[in-house]
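**Student:** Sequence unavailable; structure follows:
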């Protein structure tokens with residue numbers, strides 16, 4: 001495949017202590033950790049990390065998207081789970097920026113290997129259904145455990161400042177970030193973006209009720225959708241159903257509320273979303289839980305009239321892709337991280 005020729009220009013390639021490294025496109029270092037549970041690929045956005053800086057782990061959202069696209073016309077292009085939606089160069093001035101590949105998904109893919117939504121379907125017969133291998137690996141604890149392995153490895157590198165560790169997760173990645181922060185005690189700053197703290201499944205019920213309010217469907221139709229959601233979630237919690245349908249595993253794990261994970265984390269938390277994002281619309285309830293538990297380490301940031309991926313919303317409810325604001329979101333978060341103390345703050 002074409003991307004092989006790009007990798008021929010790597011500056012280094014070595015295998016030691018169960019890991020391999022190589023430089024891609026003279027802009028990032030690809031690490032491959034060899035673990036008992038399979039290999040884990042991740043990028044440090046630096047072709048030769050040497051300067052000692054703290055880590056910034058970016059936890060990407062859902063779907064088997066590669067870290068690099070190899071376009072027919074433009075050639076190799078960094079995606080990095082969405083890093084190119086904003087000026088990530090600002091982050092690497094202060095941090096070593098890290099992003100982990102999606103499980104069972106090659107780091108670099110030709111566009112011919114992707115479906116119309118630009119994600120990897122692998123050996124699936126249906127281009128709109130991920131491979132079975134990906135479905136079986138697409139659950140919360142797997143993402144968290146992979147991140148722990150990566151952070152454990154990086155914490156031993158001479159160029160890593162272990163005095164602080166920032167983790168930021170968008171959408172599904174927010175659930176990963178929240179559970180990781182609760183489990184991995186070196187995390188000192190946490191950011192969640194467009195994440196439903198109360199679990200993935202309830203969005204379908206809220207959408208049905210919203211459609212009623214907008215006159216799009218009747219109560220009878222909404223009731224059918226809601227009951228169907230109950231039935232689907234019941235299947236996702238049925239061990240026998242899970243054996244035959246690995247896709248249910250993701251729905252079960254990511255529908256668990258993350259609010260308890262946040263309440264168990266005593267360092268600064270930054271919760272951000274667009275006001276038109278139905279995924280995160282319940283997150284304004286989060287401060288009530290923190291107040292009840294006598295915790296004051298939560299900062300909430302709202303971006304008005306923006307949707308899930310921070311595009312402005314037009315009068316007809318559709319996103320205006322000519323008016324993105326991801327860069328504003330990350331600039332504000334980066335400023336916040338640099339202002340925060342790294343000591344625990346729970347009351």
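**Tutor:** Yep, it's here. Since we're looking at a predicted model, the values are computed, not measured.

**Student:** quick one: the strands in the stretch 151-300 of the chain?
**Tutor:** 160-170, 189-193, 269-274, 298-303 (DSSP state E, counting those that start in this stretch).

**Student:** tally of neighbours for the closest residue to residue 302 other than its chain neighbours?
**Tutor:** Nearest non-adjacent residue to residue 302, counting by CB to CB, 6 or more residues apart in numbering: residue 275, 5.5 Å away. Glycine gets a C-beta too; all of them are placed from N, C-alpha and C. A total of 14 residues lie near residue 275 under the criterion other CB atoms under 10 Å.

**Student:** Can you give me every residue that contacts residue 275?
**Tutor:** 302-306 (CB atoms under 8 Å, 6 or more residues apart in numbering).

**Student:** Also residue 148?
**Tutor:** By CB under 8 Å, 6+ apart, residue 148 lies in contact with 180, 183-184.

**Student:** Would you list the phi and psi of residue 135?
**Tutor:** In terms of degrees, to the nearest 10, the main-chain angles of residue 135 are phi -60, psi -40.

**Student:** Need the nearest residue in space to it, chain neighbours excluded.
**Tutor:** Nearest non-adjacent residue to residue 135, counting by CB to CB, 6+ apart: residue 246, 4.0 Å away.

**Student:** burial count for that neighbour?
**Tutor:** Residue 246 has 17 neighbours, counted by other CB under 10 Å.

**Student:** residues in contact with it?
**Tutor:** Contact analysis of residue 246 by CB under 8 Å, 6+ apart lists 132, 135-136, 138.

**Student:** ok so, going back, list just the nearest of the contacts of residue 148 to residue 212.
**Tutor:** Nearest to residue 212 among the contacts of residue 148, counting by CB to CB, is residue 180 at 37.0 Å.

**Student:** Run a quick neighbour tally on that closest one.
**Tutor:** Residues lying near residue 180 (other CB under 10 Å) number 27.

**Student:** follow-up on the earlier one: and the strands of the stretch 151-300 of the chain: which comes nearest residue 212?
**Tutor:** Checking the strands of the stretch 151-300 of the chain against residue 212 by CB to CB gives strand 269-274 as the closest, at 22.5 Å.

**Student:** Can you spell out which helices and strands pack onto that closest one?
**Tutor:** strand 189-193, strand 298-303, helix 326-339 (3 or more CB pairs under 8 Å, 6 or more residues apart in numbering; DSSP states H and E).

**Student:** of all the ones you listed, which lies closest to residue 30?
**Tutor:** Closest to residue 30 of these is helix 326-339 (CB to CB; 22.8 Å).

**Student:** okay, the helices and strands packed on strand 269-274 in a markdown table with mean neighbour count, mean pLDDT and distance to residue 68 next?
**Tutor:** As requested, those are exported to a markdown table (neighbours: other CB atoms under 10 Å; pLDDT from 0 to 100; distance: least, CB to CB, whole Å):
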| stretch | mean neighbour count | mean pLDDT | distance to residue 68 |
| --- | --- | --- | --- |
| strand 189-193 | 28 | 98 | 22 |
| strand 298-303 | 16 | 97 | 29 |
| helix 326-339 | 17 | 96 | 19 |
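
**Student:** related to what we said a few turns ago, out of the contacts of residue 148, the closest to residue 226 would be?
**Tutor:** Taking the contacts of residue 148 together and measuring to residue 226 by CB to CB, the closest member is residue 180, at 32.2 Å.

**Student:** looking at it, that closest one is touching residue 146, isn't it?
**Tutor:** No - Residue 180 is not in contact with residue 146 according to CB atoms under 8 Å; the separation is 9.8 Å.

**Student:** can you pull out the strands in the stretch 1-150 of the chain?
**Tutor:** 13-16, 19-24, 28-35, 38-44, 53-59, 68-71, 75-78, 96-100, 108-110.

**Student:** how about the helices in the stretch 151-300 of the chain?
**Tutor:** In the stretch 151-300 of the chain, the helices defined using DSSP state H, counting those that start in this stretch lie at 172-183, 202-213, 219-236, 239-244, 247-254, 259-263, 286-292.

**Student:** tell me the angle of the first one relative to helix 247-254?
**Tutor:** Read that as helix 172-183. Counting by axes from the mean of the first three to the mean of the last three CA atoms, to 10 degrees, helix 172-183 lies at 50 degrees to helix 247-254.

**Student:** How far does helix 172-183 sit from its chain's centre?
**Tutor:** 9 Å (CA atoms, centre = their mean, to the nearest Å).

**Student:** can you list the weak-confidence ranges in this protein?
**Tutor:** 1-18, 342-347 (pLDDT under 70).

**Student:** ok, now with 50
**Tutor:** For the chain, the stretches flagged by pLDDT under 50 are 1-17, 346.

**Student:** hang on, the earlier thing: looking at the strands of the stretch 151-300 of the chain, which is nearest to residue 142?
**Tutor:** strand 160-170 (14.8 Å).

**Student:** which parts of that closest one are buried?
**Tutor:** Residues 160, 164-170 are the ones in strand 160-170 that count as buried (16 or more other CB atoms under 10 Å).

**Student:** Kindly reformat the strands of the stretch 151-300 of the chain as TSV containing distance to residue 31.
**Tutor:** Output for the strands of the stretch 151-300 of the chain, formatted as TSV (distance: least, CB to CB, whole Å):
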stretch	distance to residue 31
strand 160-170	12
strand 189-193	23
strand 269-274	27
strand 298-303	32
